[in-house]
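[1] Quick one, what's the 3D model for this:
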Amino acid sequence: MRLGLFCLLLLFSFSVFAQEDDLQLKNNTSKAGAEIKAPVDLYKIITIERDTIVVDTSLTIQREYKFNYLRKDTFGLLQFLNEGQTYNTLDYGLTVFNPFPEFGFLAKHFNYLEVRDINYYNVPTPYSDLYFKSVMEQGQNLDAFVSANTSKNFNISVGYKGLRSLGKYKNQLASTGNFKLIASYNTSDKRYFLKTHITAQDILNQENGGIATLSQFEEGDNLYSERPRLDIYFDDAKSLLKGNRFFVDHAFKLSKKPSSIVVNHQFNYEYKFFEFIMSANDRLGESYATSINNKTRYNRMYNKLGLAYSHKTLGDFNFFVEDFQYNYFYKRTVVQSSGTFVPNNSNDKINTWGAQYVYQKDKWKGTFLISNSVTKQSLTNLEANIRYTLNDKNSFSFKYQNMNKLPNMNYVLYQSDYKEYNWFNSFKNEKINSIEFEAKTQWLEASAQYTVLNDHLFFANTNPTFNEFGIADQLIVKPFQYDKTINYLSVKAGKDFKFWNFGLDNTVLFQQVEQADPILNVPKFTTRNTLYYSNYFFKKALFLQTGVTLNYFSKYKANDYNPLLGEFYIQNQKDIGDFPMMDFFINAKIRTFRVFLKAEHFNSSFTGYDYYTAPNYPYRDFMVRFGVIWTFFS
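    Model (predicted):
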């Protein structure tokens, strides 16, 4: 990541001089000689789907929710105790499906920037965003981003997010880095468009396996208020996810006419590996060696070539073919004592054809997509999205998805120095049918989702014995496929009530699952409620916001975490939940400088020590943290 930091510093220097005269506003000085600055709404963020967002420098309650490690609203996610660790998923509706076989190790990917997470920029003057937040112990979280247009048509952006946090418990260090270099370009005649980026990411975690003696935590003994004194399962385990990606998305119009054929191409090459290192521990079963070093490698190359026709009345028609090639591999083969042979690689080439139709006129926007494999794999995807925007305050959307998904690679093949963690499976494709409705109105925001899952893949512990705390004596976790149907329903509603300078923001999620066996486990109720006060002071030079947030979810048998696999797995022995998590915050804004101060989980010492993010992973104790966001427009 030293290269990422060097490039970031270089662009900071470059951006001061990069702006050409043709980007400056006309008549950039008033009659009195004062400089006229570009309005904020000219600083545009463009998603990969070509939606445009304006840079936001406000200080609202939604901004408070996004001031965190992921830089997004984490309602429905329950963060583990140290910054930079994984999240347990409370809202299953947040799950994103991809029909192609992915790498797996999903618990390690919450902070991994995917293609959909990279935005592109168009700014009239250099734009910078600096983020800082204190961590639990010995470290910091920094996120710096710079964007500049060297001309009206070319933008270059670079960002680096780095984290180091020792944590409050033994063997809990988190150290991560996310570097991104982004560029976009279009010709003056608007016939050629290019979006491209490079990412280099690493996510390192020490893995302590959770606490071994739950009574040390739950009884509230002062001796164990010093958290390093608590017994843990693993003293020296650590995991590392590392990945590099090169991505290009470009298109060329064959004619200058508004209705023209467009040739488009998308290329994505990515290399990843996941590594787990520790001394052999009986909790994970028998091993082939005393020193464990599991390393799984994966690379993929994706090409999408399409022909599109745009008509100002009929909409956009796009026909495409996709080529997806991957290689998932190890540097050895394994023959188990039963004689089962576990190969060292799995690779394939998948070709699909597809069509997409986009209609956008007046208040309507619709997107319809169908794709199907032409090679031997049975892969299909059907999507429909319709949105109606009544006005700035009221919009309605509908989404349908029918997917036949190939299994992720770590379900199919895995090798380890632990004897029980070696497998080579032949699973059926997962079938997902989902329908979703969302309404954003001036009175209420609400959404409903209904999903039917067939041939659902999951991880589960095969060891049937548990200790007195309901924790498995051993973690022998393996992949399984459920041969029955799972029906999932969720309804979410939110409303921000305002009176004078006070506000009460509420978000409530209800989830219900119908299944013959307890495979998909979610809390029935999840809620977040914030009572806050906001006002201007010092002749409106300072904007202040302060309040209390309550997070709560009902008891349920939450998935447990297996650090060896970097995955969550099903457990049906221990309930967690039914505890309040209360935060007190004071935020302030002066121009484009925002400061955040929060007393997190301040009720922890008087509402009982029964707060967990997974069966033997406690939620964080009371702590005070602060941070800033500083935005520059020159």
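[2] need the longest strand for the protein.
    When the chain is parsed with DSSP state E, its longest strand is strand 291-311.
[3] State the next helix or strand along the chain beyond that one.
    Using DSSP states H and E, the helix or strand that directly follows strand 291-311 along the chain is strand 315-329.
[4] coming back round to it: mind exporting the longest strand of the chain as PDB, just the C-alpha atoms?
    Extracted C-alpha coordinates of strand 291-311, given in PDB (Å, rounded to 0.1, in the frame of the first residue of the first chain):
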ATOM      1  CA  SER A 291       1.900 -25.100  11.800                       C
ATOM      2  CA  ILE A 292      -1.200 -24.300   9.700                       C
ATOM      3  CA  ASN A 293      -0.900 -22.200   6.500                       C
ATOM      4  CA  ASN A 294      -4.000 -22.400   4.200                       C
ATOM      5  CA  LYS A 295      -3.800 -20.200   1.100                       C
ATOM      6  CA  THR A 296      -6.600 -20.200  -1.600                       C
ATOM      7  CA  ARG A 297      -5.900 -18.400  -4.900                       C
ATOM      8  CA  TYR A 298      -8.400 -17.200  -7.400                       C
ATOM      9  CA  ASN A 299      -8.200 -15.200 -10.600                       C
ATOM     10  CA  ARG A 300     -10.900 -14.300 -13.200                       C
ATOM     11  CA  MET A 301     -11.200 -12.500 -16.500                       C
ATOM     12  CA  TYR A 302     -14.500 -11.100 -17.600                       C
ATOM     13  CA  ASN A 303     -15.400  -9.600 -21.000                       C
ATOM     14  CA  LYS A 304     -18.800  -8.300 -22.100                       C
ATOM     15  CA  LEU A 305     -19.300  -7.100 -25.700                       C
ATOM     16  CA  GLY A 306     -22.500  -5.500 -26.800                       C
ATOM     17  CA  LEU A 307     -24.300  -3.600 -29.500                       C
ATOM     18  CA  ALA A 308     -26.900  -1.100 -28.400                       C
ATOM     19  CA  TYR A 309     -29.400   1.100 -30.300                       C
ATOM     20  CA  SER A 310     -30.700   4.300 -28.700                       C
ATOM     21  CA  HIS A 311     -34.000   5.900 -29.800                       C
END
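[5] Does anything pack onto it? Which helices or strands?
    Under the contact definition 3 or more CB pairs under 8 Å, 6 or more residues apart in numbering; DSSP states H and E, strand 291-311 sits against strand 261-279, strand 315-329. Glycine gets a C-beta too; all of them are placed from N, C-alpha and C.
[6] avg pLDDT for that strand?
    Across strand 291-311, pLDDT averages out at 95.
[7] Mind listing what's buried along that strand?
    By 16 or more other CB atoms under 10 Å, the buried positions in strand 291-311 come out as 292, 294, 296-304, 306, 308, 310.
[8] what is the orientation angle of it with strand 315-329?
    160 degrees (axes from the mean of the first three to the mean of the last three CA atoms, to 10 degrees).
[9] how distant is strand 291-311 from the center of its chain?
    A distance of 18 Å separates the C-alpha centroid of strand 291-311 from that of its chain, computed with CA atoms, centre = their mean, to the nearest Å.
[10] quick one: the closest residue to Asn327 other than its chain neighbours and Val412, what's the gap?
    Spatially, and ignoring its direct neighbours in sequence, Asn327 is nearest to Asn347 (4.2 Å; CB to CB, 6 or more residues apart in numbering). According to CB to CB, to the nearest Å, Asn347 and Val412 sit 11 Å apart.
[11] Could you name every residue contacting both of these two?
    Tyr328 (CB atoms under 8 Å, 6 or more residues apart in numbering).
[12] Between the two, which is the more surrounded one?
    Val412 (19 against 13; other CB atoms under 10 Å).
[13] residues touching that one, list them.
    101, 328, 346, 424-427.
[14] List only buried entries from these.
    101, 328, 346.
[15] Make a markdown table from the residues you listed and add pLDDT to it.
    Output for these, formatted as a markdown table (pLDDT from 0 to 100):
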| residue | pLDDT |
| --- | --- |
| Pro101 | 95 |
| Tyr328 | 97 |
| Ser346 | 94 |
